[in-house]
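This is the structure alone, sequence omitted:
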């Protein structure tokens, strides 16, 4: 059993899925890991549950009655109560466009059905590890913050905030961790595999294209011209480098 999940106040997971068999399977294995599980079989109920009592994580299917998963994700991200709740999106469709849309709307991760339960649990654990790191930083004793600044980009690690040209930049949690790791290693080439290991922290093999998708959206938020990036450079066949400016 995951030791971090076995706390006095268990992490709460909202499973949004219209297939009862999948809900039952996920509920059984997640509860076995020590999580509390709540379920919704359509998008309307999911949003009501999430806004009334925000969960710690959402497992969200795309194909849903009432309101589809992409719209649910968009509304979760636009509401201050759920804006930073991690979202793991599920889909029976393998089209790259679905994955890109899900990530663009703010999903932290994406899995295609049929999926392995062990892999899903591993991804949930990794998402909670990142969440715990963020909470530990937020709860740490106040001291002099070590600020990272390159050019017009300023990253505040303790506050989990980034400004570009003095304006607050709305990054997802994954985007923030990617940018932080790149800035901490400015001038060095970081492979996709290393970024997956350090940022996603998965216990199973994950497609390195996931990194490329998140880098693409990170560039759209911090670069003046994402097609010709100044800060995050691509090293073909290897990975990415944050250029010293």
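Thanks, I have the structure now. Note that this is a predicted model, so its numbers are computed, not measured. Numbering: from 1, shown residues only.

In three-state terms, how would the residue nearest to residue 224 when sequence neighbours are not counted be classified?
Distances taken as Cβ to Cβ, 6 or more residues apart in numbering put residue 230 closest to residue 224, at 7.1 Å, once the chain neighbours are dropped. All C-beta atoms are positioned from the backbone trio N, CA, C, and that covers glycine. Put simply, residue 230 is coil when judged by DSSP: H, G, I helix; E, B strand; the rest coil.

Considering only helices and strands, which part of this structure has the lowest mean pLDDT?
Using mean pLDDT, DSSP states H and E, helix 96-104 stands out as the lowest-scoring helix or strand of the chain, at a mean of 77.

Run the chain-centre distance for that helix.
Computed by Cα atoms, centre = their mean, to the nearest Å, the separation of helix 96-104 from the middle of its chain amounts to 13 Å.

just checking, what packs against that helix?
helix 69-78, strand 87-91, strand 109-112, helix 209-222 (3 or more Cβ pairs under 8 Å, 6 or more residues apart in numbering; DSSP states H and E).

Is residue 71 in contact with residue 42, as I believe?
No: contact criterion Cβ atoms under 8 Å: residue 71 and residue 42 do not qualify, at 11.6 Å.

Give me the buried positions along the host helix or strand of residue 31.
According to DSSP states H and E, residue 31 maps onto helix 20-32. Neighbour-count burial for helix 20-32, counted by 16 or more other Cβ atoms under 10 Å, picks out 22, 23, 26, 27, 29, 30.

Start and end of stretch 221-234, how far apart?
The first residue of stretch 221-234 is 16 Å away from its last residue (Cα to Cα, to the nearest Å).

Ok, stretch 190-208 next?
13 Å.

Also stretch 131-149?
End-to-end for stretch 131-149, by Cα to Cα: 24 Å.

Please apply the same query to stretch 184-194.
Start-to-end, stretch 184-194 (Cα to Cα) is 14 Å.

Other residues contacting it?
148, 150, 181-182, 208, 211-212, 235, 238-244 (Cβ atoms under 8 Å, 6 or more residues apart in numbering).

repeat that for 6 Å
For stretch 184-194, contacts defined as Cβ atoms under 6 Å, 6 or more residues apart in numbering pick out 208, 211, 235, 238, 239, 240, 241, 242, 244.
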